[in-house]
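J.: build me a model from this:
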Amino acid sequence: MKSWTIELQDDPETGDCILEFPPDMLEETGWKEGDPRYVLFG
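T.: Residues are numbered from 1 along each chain as shown. Here you go, the predicted model:
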């Protein structure tokens, strides 16, 4: 199983948190930019 480390970023205009997924992760998982995803933090 492959893993990635993704840095959480803040949007200075909205205060929202942003996860930018690496292109190779999107390709390997079959996700596309703009797909709705639920991310759970444990």
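J.: what ranges does the protein have for its helices?
T.: Assigned by DSSP state H, the chain shows helices spanning 23-29.
J.: the closest residue to Arg37 other than its chain neighbours and Cys17, how far apart?
T.: The spatial neighbour of Arg37 that comes closest, neighbours along the chain excluded (CB to CB, 6 or more residues apart in numbering), is Trp31 at 6.9 Å. For glycine as for every other residue, the C-beta is placed from the backbone atoms N, C-alpha and C. Trp31 is 18 Å from Cys17, where distance means CB to CB, to the nearest Å.
J.: how far away is Pro23 from Leu8?
T.: 18 Å.
J.: ditto for Lys2
T.: Lys2 is 20 Å from Leu8, by CB to CB.
J.: cool, Met25 as well?
T.: Counting by CB to CB - Met25 and Leu8 are separated by 15 Å.
J.: of those two, which one has the most company?
T.: The neighbour count for Met25 versus Leu8, taken as other CB atoms under 10 Å, is higher for Met25 (14 against 9).
J.: can you verify my assumption that the more buried one contacts Thr5?
T.: No - the criterion here is CB atoms under 8 Å, and Met25 misses it with Thr5 at 10.5 Å.
J.: what's around Phe21, how many residues?
T.: Phe21, neighbours per other CB under 10 Å, totals 15.
J.: got it, and Glu13?
T.: So Glu13, with other CB under 10 Å, has 6 neighbours.
J.: circling back to that earlier point, residues near the residue nearest to Arg37, how many?
T.: So Trp31, with other CB under 10 Å, has 12 neighbours.
J.: what's it in contact with, if anything?
T.: Trp31 is in contact with 21, 25, 37, counting by CB atoms under 8 Å, 6 or more residues apart in numbering.
J.: ok, now how distant is it from Ile6?
T.: From Trp31 to Ile6 the distance is 13 Å (CB to CB).
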